[in-house]
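Chemist: Build the 3D model from these lines:
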Amino acid sequence: MAVSDTEALTEAARIICKRAKEISGAFSVRIPAATHVTVSNGTVAVITDGEAAPNAAPFEAGELHPLWAHVGSWRYEHYKWGRQPYRPYMTMAALDKIQDACEAYAESVYDLARKDGFR
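Modeler: Numbering: from 1, shown residues only. I've put the predicted structure just below:
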């Protein structure tokens, strides 16, 4: 049972985070380990640490990413670029678990209301 609105959102985010880890675990070892719920100034988010899993953003968005650079040059325009396969693990997790997350949040709000005397 959550005791604040932020804790209620955190519980809902954990449901989506767990699913994102399951989905990304099918194609990555680093992404699930780097995916977590974060809370900052009352804002709750499910994020993947880009330093721990630099392949996460290219998978989520199907972005271009550097494959290699010409020998002796680290200039941006000398990189050979490739498109990452589109594997939107975070988007799919949100779509798969949005109903469960909403229900968990609503239950927490009901618990808070009951605690304050509402029926």
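Chemist: For the helix ranked longest in the chain, list every residue counted as buried.
Modeler: Looking across the chain with DSSP state H, the single longest helix is helix 89-115. Neighbour counts over helix 89-115 (16 or more other Cβ atoms under 10 Å) mark Tyr89, Met90, Met92, Ala93, Asp96, Lys97, Ala101, Ala104, Tyr105, Ser108, Leu112 as buried. Backbone N, C-alpha and C define where each C-beta goes, glycine included.
Chemist: what about it, distance to the chain center?
Modeler: Distance, stretch centre to chain centre, for helix 89-115: 15 Å (Cα atoms, centre = their mean, to the nearest Å).
Chemist: Could you pull out the strands in this structure for me?
Modeler: Along the chain, counting by DSSP state E, strands occupy 35-40, 43-48, 64-69, 79-83.
Chemist: shaky segments in this protein?
Modeler: 1-3, 68-78 (pLDDT under 70).
Chemist: Ile47 - nearest residue in space that isn't next to it in sequence?
Modeler: Counting by Cβ to Cβ, 6 or more residues apart in numbering, Ile47 lies nearest to Thr38, which is 5.5 Å off, once chain neighbours are set aside.
Chemist: If anything else comes up later, I'll come back, but that's it for now.
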